[in-house]
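Asks: This is the structure alone, sequence omitted:
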Ligand code: MN
């Protein structure tokens, strides 16, 4: 996935202000990815920039792509982050500059480590299924890992959860004793939950984590609050359980993590620590410097970086002043 807004904002994401449980309802905003795909972006939000190391959440579809090109995200770079691709329906072809060529299918976790620099493309295959629906998230890498060797890992067998009211899959981290095999660089959690109509699930949580729950389909009551699809309920930290219930059924991605201790600067597809660092990555992408190898070859179709904001970034508070009530 690539941020292809023509004038992407530059985000300074300061350390979390999580200070106990709360319920703050956030509504994702619609963004075009190129000319073909519309997504709902739930993170970063104006009020909540990050949940643990989670710094970006796009929800695409469900979209009928039978007579449409589907996802057409050409080669583009990343630094300082990991991408998590999680399909609910459909298929996407991932290719990257470390040589990965992978057909991404529902129920599989595909974790790409951008580290010091990677280039990838995400394209709907010619023989794609008629519906495309999924999520892509980014994780900020901590200082100790943000210049790591770029890498790509696929996990096609993930542990499941089941209860009377629904079921789940642990993508990253653990729920009770159920642990994902995928490696993370900071303590964090991602669980995909499917509630049956009339179903209820209660999950144990780590009180040291802050959490948020994004509803992809249906309407789900989370910690007593109704949350509609394409909304994210920020839950703060200090909880040892969360209860979800739904009359109509729904699909929820529960995210968590230890509040991220470092201030990051996010712009376009880069995560760095300063405006100048990110501007440097942009220049290296323009020049196709060694940091950003080809996916196929130097004649490949790429996404050009937009212009940098003319105003230099200043760190902003994570929350707007009117929401200090929590
Ligand atoms: Mn991408």
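Replies: Thanks, I have the structure now. This structure is a prediction, so every number in the text was calculated from the model and none was measured.
Asks: For burial, what's the neighbour tally of the residue in the stretch 201-326 of the chain positioned nearest to the ion?
Replies: At 5.9 Å from the ion, residue 269 is the closest residue in the stretch 201-326 of the chain, using CB to the ion. Backbone N, C-alpha and C define where each C-beta goes, glycine included. Residues within reach of residue 269, counting by other CB atoms under 10 Å, total 29.
Asks: now it, nearest residue through space, not along the chain?
Replies: residue 78 (5.0 Å; CB to CB, 6 or more residues apart in numbering).
Asks: can you tell me which helix or strand the one you found belongs to?
Replies: strand 72-78 (DSSP states H and E).
Asks: and the residue of the stretch 101-250 of the chain found nearest the ion, what are its bridge partners?
Replies: Residue nearest to the ion within the stretch 101-250 of the chain (CB to the ion): residue 120, separated by 5.7 Å. In this structure, residue 120 bridges to residue 76, residue 96 when assessed by DSSP bridges.
Asks: Quick one: name whatever helix or strand follows the strand holding residue 78.
Replies: strand 81-89.
Asks: now that following strand: how far from the chain's centre is it?
Replies: Distance of strand 81-89 from its chain centroid, counting by CA atoms, centre = their mean, to the nearest Å, is 7 Å.
Asks: That one vs the ion: in contact?
Replies: No. Using CB under 5 Å from the ion, we find that strand 81-89 stays clear of the ion, coming within 5.6 Å at best.
Asks: Tell me which strands that strand pairs with, and in which orientation.
Replies: When DSSP bridges is applied, strand 81-89 pairs with strand 109-113 (antiparallel), strand 131-140 (antiparallel).
Asks: Take those strands and write them to a markdown table, including mean pLDDT.
Replies: What follows is these, written out as a markdown table (pLDDT from 0 to 100):
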| stretch | mean pLDDT |
| --- | --- |
| strand 109-113 | 98 |
| strand 131-140 | 97 |
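Asks: Take those strands and write them to JSON lines, including mean neighbour count.
Replies: Formatted as JSON lines, those follow (neighbours: other CB atoms under 10 Å):
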{"stretch": "strand 109-113", "mean neighbour count": "23"}
{"stretch": "strand 131-140", "mean neighbour count": "24"}
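Asks: Residue 201 is nearest to which of those strands?
Replies: Closest to residue 201 of the strands paired with strand 81-89, according to CB to CB: strand 131-140, at 19.0 Å.
Asks: how much does the next helix or strand after the closest one deviate in direction from strand 109-113?
Replies: Next helix or strand after strand 131-140 toward the C-terminus (DSSP H and E): strand 151-155. Interaxial angle of strand 151-155 relative to strand 109-113 (axes from the mean of the first three to the mean of the last three CA atoms, to 10 degrees): 170 degrees.
Asks: buried residues in strand 151-155?
Replies: By 16 or more other CB atoms under 10 Å, the buried positions in strand 151-155 come out as 151, 152, 154, 155.
Asks: Run through the helices of the chain in chain order.
Replies: Remark: helices assigned in the chain by DSSP state H are 275-286.
Asks: mind showing which ranges of it have poor pLDDT?
Replies: For the chain, the stretches flagged by pLDDT under 70 are 1, 3-7, 13-17, 34, 313-326.
Asks: Closest to the centroid, which residue in it?
Replies: residue 137 (1.2 Å; CA atoms, centre = their mean).
Asks: how about residue 163, what does it touch?
Replies: Each residue near residue 163 by CB atoms under 8 Å, 6 or more residues apart in numbering is listed here: 199, 201, 202.
Asks: can you put these in CSV and add neighbour count and distance to residue 308?
Replies: Shown next, in CSV, are the contacts of residue 163 (neighbours: other CB atoms under 10 Å; distance: CB to CB, whole Å):
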residue, neighbour count, distance to residue 308
199, 20, 47
201, 24, 44
202, 12, 46
